[in-house]
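>>> Pasting the sequence and the predicted model now:
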Amino acid sequence: MHDQQVRTPWGTTKRGGFPALGVAIPAGLALAAALGVVAAAMGVTESNPMLGGVVFAFCLALPLVALVYAIVVDRGTIKGAADRPEESVESGWYDRAAAGAFTDLILLAGAGATILAFIPADFPVDLKLVLPAVVLACFASFGIRYLVLQRKG
Amino acid sequence: MRNSVHESRQRLAWSQQRLADELGVSRQTIISIERGRFDPSLPLAFRLAAIFGCTIEDLFFPGDDTDRTVGGG
């Protein structure tokens, strides 16, 4: 156990021992702003590049803060975190939910490919919509499966 | 597998949280083991047996194995 370490609700960084959120928030916001500038410069939203950049930055801010936090935090410094998460029941739920979601993904991709085979060639299928939909379906499958396992105890 | 973790923990007068802290796992893990919903990994089973001062065979015995989570680690 990490008895000697000071545990806080959000933990500290792996290197330096800084508050993890204190690093994740500015770094995540800076990354989001940078990607917003990239989106504006590339003219992703043709009519109003500045507005498009702001929207990009706004939408990416929270996921990027969460991503940076997940990368930098030392989970052993988070209050209430188990020392051996891989031996906890939650790890088993995660594995089962992930395996089930993978099966669902194969079924979904297979069914989608079959349906697309019958769609005329000139019918527009936008990958920018299809891929996020697949990701969302995976999230939903995993989340529902995990919650069901959690409820069963 | 069925088990006698609940009875063994009661003998020590430990809470589920204390046992979880000693084992380095979540309290939910103890709850699931005691309900027979989770089969712990072999290292975890050994640590449980060591804490209760018995053998694994004293703690775990064959039983209904349907729809349960199996521990990794």
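Looks like it arrived, so ask away.
>>> need the contact list for A:Ser88.
By C-beta atoms under 8 Å, 6 or more residues apart in numbering or on different chains, the residues touching A:Ser88 are A:Ala82, B:Val25, B:Ser26, B:Gln28, B:Thr29. In this view, the C-beta of every residue, glycine as well, is placed from N, C-alpha and C.
>>> What of A:Tyr146?
By C-beta under 8 Å, 6+ apart, the residues touching A:Tyr146 are A:Trp93, A:Tyr94, A:Ala97.
>>> Any idea how many residues pack against A:Leu21?
Using other C-beta atoms under 10 Å in any protein chain shown, A:Leu21 has 20 neighbouring residues.
>>> Where does it sit: helix, strand or coil?
helix (DSSP: H, G, I helix; E, B strand; the rest coil).
>>> any idea how far A:Gly22 is from the closest residue to it other than its chain neighbours?
With sequence-adjacent residues excluded and distances taken as C-beta to C-beta, 6 or more residues apart in numbering or on different chains, A:Leu21 is closest to A:Trp10, at 4.7 Å. Going from A:Trp10 to A:Gly22 by C-beta to C-beta, to the nearest Å gives 9 Å.
>>> Repeat that for B:Pro40.
For B:Pro40, the distance to A:Gly22 (C-beta to C-beta) stands at 37 Å.
>>> Counting neighbours, go ahead and name the busier of those two.
Using other C-beta under 10 Å, the more surrounded residue of B:Pro40 and A:Gly22 is B:Pro40, with 31 against 12.
>>> quick one, phi psi at the more buried one?
Phi and psi for B:Pro40, reported as degrees, to the nearest 10, are phi -70, psi 160.
>>> Quick check: residues of chain B near chain A?
B:20-21, B:23-26, B:28-29, B:31-33, B:35, B:37-38, B:40-41, B:43-44, B:67, B:69-73 (C-beta under 8 Å from any C-beta of the partner chain).
>>> Please spell out the ChimeraX selection for the buried subset of those residues.
Selection of buried members from the residues of chain B next to chain A for ChimeraX, criterion 16 or more other C-beta atoms under 10 Å in any protein chain shown:
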select /B:20,21,23,24,25,26,28,29,31,32,33,37,38,40,41,44,69,71
